[in-house]
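In: When you get a sec, could you give me coordinates for this:
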Amino acid sequence: MMSKVQTIVNIPFKENLSDDILADAIKSFKDFPDERMEILFTEVPLSDLIKWCIEKDIPLETLKDYYDRFIRKKGLSNPNLEEFFTL
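Out: Residues are numbered from 1 along each chain as shown. The predicted structure is shown next:
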């Protein structure tokens, strides 16, 4: 069964990527060739994203660094996530 995060991220695509592929991309700071990461960081509800990161052993520092390096650099933002990073 797909997680809520995996479901949201994969909706616009024919091919489903696993949670592990998405998590590994964040942990290794790999940019994605499509918009899945943008969807992950801007459309997944904050509580679901944080819960998913905990389940996938993604440190919040890594999540923030990935967001700053790849998502904000593309001109996208998630004010709720940015506020969370300041707590």
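In: What score does residue 54 have for pLDDT?
Out: At residue 54, the model reports a pLDDT of 97.
In: now it: how far from residue 47?
Out: 11 Å (CB to CB, to the nearest Å). Where you see a C-beta, it was placed from the backbone N, CA and C, and this is true even at glycine.
In: Need the CA coordinates for the helix or strand hosting residue 6. CSV is fine.
Out: Following DSSP states H and E, one finds residue 6 within helix 4-10. What follows is helix 4-10 as a C-alpha-only set of coordinates in CSV (Å, rounded to 0.1, in the frame of the first residue of the first chain):
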residue,chain,number,x,y,z
LYS,A,4,-0.1,9.3,1.6
VAL,A,5,3.1,11.1,0.6
GLN,A,6,3.8,8.6,-2.2
THR,A,7,0.2,8.9,-3.4
ILE,A,8,0.3,12.7,-3.6
VAL,A,9,3.7,12.9,-5.3
ASN,A,10,2.8,10.3,-7.9
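In: How about it, which residues are buried there?
Out: 5-6, 8-10 (16 or more other CB atoms under 10 Å).
In: As JSON lines, those with distance to residue 26 and pLDDT would be great.
Out: Output for the buried residues of helix 4-10, formatted as JSON lines (distance: CB to CB, whole Å; pLDDT from 0 to 100):
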{"residue": "5", "distance to residue 26": "11", "pLDDT": "94"}
{"residue": "6", "distance to residue 26": "14", "pLDDT": "94"}
{"residue": "8", "distance to residue 26": "15", "pLDDT": "95"}
{"residue": "9", "distance to residue 26": "12", "pLDDT": "95"}
{"residue": "10", "distance to residue 26": "16", "pLDDT": "95"}
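In: between these, which is nearest residue 29?
Out: Closest approach between the buried residues of helix 4-10 and residue 29, by CB to CB: residue 9, at 17.7 Å.
In: Check the gap between the closest one and residue 51 for me.
Out: 14 Å.
In: Just want to check the distance between the closest residue to residue 43 other than its chain neighbours and residue 87.
Out: Spatially, and ignoring its direct neighbours in sequence, residue 43 is nearest to residue 8 (5.9 Å; CB to CB, 6 or more residues apart in numbering). Going from residue 8 to residue 87 by CB to CB gives 23 Å.
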